[in-house]
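# can't give you the sequence, but here's the structure:
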């Protein structure tokens, strides 16, 4: 069997291919080198081609192609009548439950907007679009429990209006997106036709703000029975634009703080209601709002759910994964408990060892192959060096999890400023994430469950030991690592602890601000040469500068 899933909705295009056992998934942005995949030639579909090549199949031989209703036809045009188009939130739900490995769970999907529930899908104007959907998932499939929708407005005369965010009532995703754009935290680089909100920055800014706007923004979001919400998009835009006009840093931080608190409160409300309706203790999360790792932490702490799972590609790139799972189950008849759940997030294409060696050799940079690579790198980190790390298949989703990472010691606190100011060239207030062996997590983080994909924020119990990887509010979005997931980095953590007494390393994505994370070995070497990094690991090679 062969199934191809396609995802995206105006940005974050991605493809996922599977034969029922293997999964290959990659974002368009990683291959075309344009942030969020903006300006992608969807007819060419480089992510689609890469996935099929990795599965050693062709477009003509693919048995099933699945896309959601927000994926435009050019992305699947070449497949003609073999395409099954499914609901956007259902695809999100499949991505989360299929990846989780859970046998029965509640599923909560929350984003800016999904499929239209009423209205003309080809014209402009007012239509209803889904904003929050809840499901029950088990061995029989995925069943809708409840859905919130809201009026969805887009610009008249826009050829791609259906795929633009627009304004959507009753949408927590739109509420938070509007706050991000109002305070200037949006991507407006080349090839952008509309701002792409960078909500992770807003989440990072929030702890620096005071509570002056919390009450006012709380009035914009009315919590209703059964986990529903009522939000006027136009009023939200008006209020946030007024508050942000001429705002200084402290005012912007206060707006971020208020938006974050209102979002967290509303999501806890939605999750509690879903628990009350299902009685289940496992919860899967997907949709762009599920990337808000602070809110995820509160859901775990403040609802009766005992375990939560957040799919690593929770945004619209993850739609491709959900569509692939749907194709396996609904079209190929694979039982839900036989879907290939994720053991890790390393779903990208494989690169031959010879290609990595050639990339290093062609660079002319000094390189060697240490007998004990993790031990050697641990010594460099202990000496305060910053090391890029490229290895194996890339992570699917926005987080670097040890295959396309930059590593540093989690101390002293000045490491964070150095990384922001001189390595990644990003906003000074943004935090960095720690990685730790899963069996040691409870010694430093108050979480109580694994966090393999860096999508749950929790309190740091020993912040003085890891100051550069602890946010200003004493929290961290940490990664727990099992040996089977990444043996080399697992060993690196052990060697670093042996040298320093600290079992934690700072882990951030291998890129600079405004650029996608590196994908190929050639890109890793090129980025290393231009960045203020001390060393680079490429497979089993250690590259240095001069």
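That came through, no problem. Quick caveat: nothing in here was measured; it's all calculated off a predicted structure.
# going forward, measure contacts between C-alpha atoms and count neighbours the same way
Noted.
# Against residue 458, how distant is residue 81?
Remark: distance between residue 81 and residue 458 (CA to CA, to the nearest Å) = 47 Å.
# With neighbour numbers in mind, choose between the two.
residue 458 (22 against 10; other CA atoms under 10 Å).
# Surely the more buried one and residue 479 touch.
No. If you go by CA atoms under 8 Å, residue 458 and residue 479 don't touch, sitting 11.0 Å apart.
# remind me which residues of the stretch 51-200 of the chain are low pLDDT?
Filtered on pLDDT under 70, the stretch 51-200 of the chain yields the residue ranges 119-126, 155-165.
# Could you pull out the helices in it for me?
Secondary structure of the stretch 51-200 of the chain (DSSP state H, counting those that start in this stretch): helices at 88-100, 172-182, 199-205.
# Check which helices and strands the second one is in contact with.
Applying 3 or more CA pairs under 8 Å, 6 or more residues apart in numbering; DSSP states H and E, we find helix 172-182 packed against strand 196-197, helix 199-205, helix 233-244, helix 249-278.
# ditto for the shortest one
Other elements packing on helix 199-205 under the criterion 3+ CA pairs under 8 Å, 6+ apart are helix 172-182, helix 249-278.
# if we go to 10 Å?
helix 172-182, strand 186-187, helix 249-278, helix 293-302 (3 or more CA pairs under 10 Å, 6 or more residues apart in numbering; DSSP states H and E).
# Find the residue at the geometric middle of this protein.
Among the residues of the chain, the one closest to the centroid is residue 398, at 3.9 Å (CA atoms, centre = their mean).
# ok, now which ones touch the closest residue to that one other than its chain neighbours?
Once flanking residues are discounted, residue 398 sits nearest to residue 313: 6.9 Å by CA to CA, 6 or more residues apart in numbering. Neighbouring residues of residue 313 by CA atoms under 10 Å, 6 or more residues apart in numbering: 25, 27, 92, 95-96, 286-288, 290-291, 319-322, 345, 395-399, 453.
# quick one: which helix or strand includes residue 313?
Element membership for residue 313 (DSSP states H and E) is empty, with no helix or strand holding it.
# from the helices and strands packed on helix 199-205, which stretch is densest packed?
Stretch with highest mean neighbour count among the helices and strands packed on helix 199-205: helix 172-182 (a mean of 25; mean count of other CA atoms under 10 Å).
# ok and it relative to helix 233-244, angle-wise?
For helix 172-182 against helix 233-244, the angle by axes from the mean of the first three to the mean of the last three CA atoms, to 10 degrees is 30 degrees.
# Paired strands for the worst-scoring helix or strand of the chain on mean pLDDT, with orientation please.
Least confident helix or strand of the chain, by mean pLDDT, DSSP states H and E, is strand 116-118 with a mean of 88. Paired strands of strand 116-118, with direction, are strand 125-138 (antiparallel) (DSSP bridges).
# So which residues of the stretch 251-400 of the chain form helices?
Secondary structure of the stretch 251-400 of the chain, counting by DSSP H, counting those that start in this stretch: helices at 293-302, 319-326, 353-363, 373-382.
# Identify whichever of the helices and strands packed on helix 199-205 lies nearest to residue 9.
Counting by CA to CA, residue 9 lies closest to helix 172-182 out of the helices and strands packed on helix 199-205; the figure is 14.1 Å.
# if we can go back for a sec, tabulate the helices of the stretch 51-200 of the chain (JSON lines), appending distance to residue 338.
Shown next, in JSON lines, are the helices of the stretch 51-200 of the chain (distance: least, CA to CA, whole Å):
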{"stretch": "helix 88-100", "distance to residue 338": "9"}
{"stretch": "helix 172-182", "distance to residue 338": "32"}
{"stretch": "helix 199-205", "distance to residue 338": "34"}
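# nearest to residue 130, of the ones you listed?
Proximity to residue 130 (CA to CA) singles out helix 88-100 among those, at 7.8 Å.
# for the closest one, packing partners?
Where contact means 3+ CA pairs under 10 Å, 6+ apart, helix 88-100 is packed against strand 3-7, strand 64-68, strand 105-110, strand 125-138, strand 141-154, strand 282-286, strand 307-310, helix 319-326.
# Give me the buried positions along the fifth one.
Along strand 141-154, the positions that meet the burial threshold by neighbour count (16 or more other CA atoms under 10 Å) are 141-142, 146-154.
# now do the third one
When burial is assessed from 16+ other CA under 10 Å, strand 105-110 yields the following buried residues: 105-110.
# ditto for the last one
Counting neighbours by 16+ other CA under 10 Å, one finds that the buried residues in helix 319-326 are 319-326.
# ok, so of those, who is nearest residue 132?
For those, with residue 132 as the reference and CA to CA as the criterion, the closest is residue 319, at 15.5 Å.
# Give me the distance between that closest one and residue 54.
Where residue 54 is concerned, residue 319 sits at a distance of 19 Å (CA to CA).
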